[in-house]
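Engineer: pasting the sequence and the predicted model now:
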Amino acid sequence: MKIHGYADQGLKIEEIVPAELAEITLVATPEELRRIARFLERCADGMECRGQSWEHAHLADQDRYFSNAPHLVVCNPDWGS
């Protein structure tokens, strides 16, 4: 597993260069953590069912509760292999 991210510096999307992170901290309520856990389960299911063709998923696309939250994206390490 690798974690990538970037600080919100107001850059245009094409100017953003994600960096590999050593740690992340989630500041979230129990309900938010349960919503994230359900999202991660769906991602795992998608990877298992679709294999290398499952590319990625965005939390906010699947749960509108997070539409104004920082982006959480899950990527398949085997996509396109």
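Structural biologist: Great, that's in hand.
Engineer: CA only for contacts and neighbour counts going forward, please
Structural biologist: Noted.
Engineer: so who does the residue most central in space within the chain touch?
Structural biologist: Nearest to the mean C-alpha position of the chain, by CA atoms, centre = their mean, lies V73 at 1.8 Å. With contact taken as CA atoms under 8 Å, 6 or more residues apart in numbering, V73 is in contact with 56-59.
Engineer: quick one: which helix or strand includes R38?
Structural biologist: helix 30-50 (DSSP states H and E).
Engineer: now for Q52, how many residues are close by?
Structural biologist: Each residue near Q52 was counted by other CA atoms under 10 Å, and the total is 15.
Engineer: where does it land in three-state SS?
Structural biologist: State at Q52, reduced to three classes by DSSP: H, G, I helix; E, B strand; the rest coil: helix.
Engineer: partner strands of whichever helix or strand comes after the helix holding R38, with direction?
Structural biologist: Counting by DSSP H and E, the next helix or strand C-terminal to helix 30-50 is strand 56-58. Here strand 56-58 has these sheet partners by DSSP bridges: strand 73-75 (antiparallel).
Engineer: that older thread, quick check: beta-bridge partners of the residue nearest to the centre of the chain?
Structural biologist: As for beta bridges, V73 partners with H58 under DSSP bridges.
Engineer: pLDDT at it, what is it?
Structural biologist: Among the per-residue scores, V73 shows a pLDDT of 96.
Engineer: do K2 as well
Structural biologist: Looking at K2, its pLDDT stands at 92.
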